[in-house]
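1. Got a predicted model here, sequence first, then my questions.
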Amino acid sequence: MIRIVIAEDEALLRNGLTALVEYDGDIAVVAEADQGGAALARVRETRPAVVLMDIRMPGVDGITATQLITGDPSLSDVAVLMLTTFAEERTVVEALRAGASGYLLKDAAPEELRNAIRRVAAGEPVLSPSVAATVMQVAAASRPSVDTDLVVGLAPREREVLQLIGYGFNNAEIAERLYISPATARTYVSRLLRRLTARDRAQLVVIAHRAGLVEHGRHTRGAVGDVTDGPETVVLFEFGKQQFRDLRRVQGGALEQIVTDDEEVERPREVQ
């Protein structure tokens, strides 16, 4: 069961969102808040997996509340998914800089919203397709510097797996390209998460790019232009919390869309 807190100042919308997200039975709303300060208090009380956060609220706004939540080490397991009507560049960038793991517009379909909550809870950052282009434009001004020290000590096969992760391939595709079983591919992914102290698969993609394992300009699976229509949620690789925050500080960019695994990857306890 995915436990969430809804932060929304309009009671009618909170009630409607609760009904929508709990429809399939695998998501439970454990608390509600009508402004950011109350949201922070409810999060500390209930320790949810995800906070569904509006931006414009009285008192403490959603962006400030997000920054307070993501900046609290004791709440490191809590992810924030922004749900708002605002798609302006400044608002999107401010939310991401505050540490939001995803940004969804309120015109999203119910199933899209539920899937976004599931993905964020699983460590997969998400963006609505309608705001993905905005993020791309902001981040594409510069590229992350290469730091080969990130992968020092990895075995050749581990580097190959990390490189393919960087290009957006899932476990089954990695297994096919390296002539190994899908189970072995999953083992390599779990090992890389542990060795590189990565929070999730998205951070592995960031590390692959920052280590120079991925050739920019080469087509990646699900690269921008491949996913343009429909309500599917877009997943961006430079969105793992700490890595993305670090890259934002130096305007590191070139965000590219990838399609993440639908497979469950067993993550080491120490990197949860």
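-> Perfect, I can see it now. Every value quoted in this text rests on a predicted model; they were computed, and no experiment measured them.
2. Leaving out chain neighbours, which residue sits closest to Ala79?
-> Leaving aside its sequence neighbours, Ala79 sits nearest to Ser101 (Cβ to Cβ, 6 or more residues apart in numbering; 4.1 Å). All C-beta spots, glycine's among them, are computed from the backbone N, C-alpha and C.
3. Distance-wise, check the one you found relative to Thr70.
-> 8 Å (Cβ to Cβ, to the nearest Å).
4. Can you give me the domain boundaries for this protein?
-> 2-121, 148-271 (automatic domain parsing).
5. Reformat these as TSV; add mean pLDDT and distance to Pro129.
-> Below are these laid out as TSV (pLDDT from 0 to 100; distance: least, Cβ to Cβ, whole Å):
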stretch	mean pLDDT	distance to Pro129
domain 2-121	92	10
domain 148-271	62	5
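6. any chance of the ones you listed in TSV, plus distance to Leu127 and mean neighbour count?
-> Supplementary listing: the domains of the chain in TSV, determined by distance: least, Cβ to Cβ, whole Å; neighbours: other Cβ atoms under 10 Å:
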stretch	distance to Leu127	mean neighbour count
domain 2-121	5	19
domain 148-271	5	18
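7. among those, which is nearest Ser128?
-> Of all those, domain 2-121 sits nearest to Ser128, with 5.0 Å by Cβ to Cβ.
8. Do a quick rundown of the helices in the stretch 151-272 of the chain.
-> Taking DSSP state H, counting those that start in this stretch as the test, the helices found in the stretch 151-272 of the chain are 156-166, 171-178, 182-195, 201-210, 241-249.
9. so which of those helices gets nearest Glu45?
-> Of all the helices of the stretch 151-272 of the chain, helix 241-249 comes closest under Cβ to Cβ, at 22.0 Å.
10. In contact with Ala98, which residues are there?
-> Shown in contact with Ala98 (Cβ atoms under 8 Å, 6 or more residues apart in numbering): Ile63, Thr64, Thr66, Gln67, Thr70, Val80.
11. In helices only, show me the residues you listed.
-> Members of the contacts of Ala98 lying in helices (criterion: DSSP state H): Ile63, Thr64, Thr66, Gln67, Thr70.
12. My understanding was that the third one contacts Met53; is that so?
-> Yes. Between Thr66 and Met53 there is a contact at 5.8 Å, judged by Cβ atoms under 8 Å.
13. Mutual contacts of the two, please.
-> Val80, Met82, Ala100.
14. wait, which of those is closest to Glu8?
-> Taking those together and measuring to Glu8 by Cβ to Cβ, the closest member is Met82, at 11.4 Å.
15. Could you tell me how far whichever strand or helix holds that closest one lies from the centre of the chain?
-> Met82 belongs to strand 79-84 when assigned by DSSP states H and E. Relative to the chain's own centre, strand 79-84 is displaced by 11 Å; criterion: Cα atoms, centre = their mean, to the nearest Å.
16. which helices and strands does that strand pack with?
-> Other helices and strands packing on strand 79-84, by 3 or more Cβ pairs under 8 Å, 6 or more residues apart in numbering; DSSP states H and E, are strand 50-53, helix 62-70, strand 102-105, helix 110-121.
17. do that again at 10 Å, thanks
-> In terms of contacts (3 or more Cβ pairs under 10 Å, 6 or more residues apart in numbering; DSSP states H and E), strand 79-84 is packed against strand 2-7, strand 50-53, helix 62-70, helix 89-97, strand 102-105, helix 110-121, strand 126-127.
18. My understanding was that Thr18 contacts Leu113; is that so?
-> No. Counting by Cβ atoms under 10 Å, Thr18 sits too far from Leu113 to count as a contact (11.7 Å).
19. residues shared between the contacts of these two?
-> Common neighbours of Thr18 and Leu113 (criterion: Cβ atoms under 10 Å, 6 or more residues apart in numbering): Ile27, Leu52.
20. Centroid-wise, who is the farthest residue in the protein?
-> Within the chain, Tyr179 marks the point farthest from the mean C-alpha position, 29.6 Å out by Cα atoms, centre = their mean.
21. where's it relative to Ala185, distance?
-> In terms of Cβ to Cβ, Tyr179 sits 11 Å off from Ala185.
22. Nearest to Thr46 among the helices of the stretch 151-272 of the chain would be which one?
-> Proximity to Thr46 (Cβ to Cβ) singles out helix 241-249 among those, at 20.1 Å.
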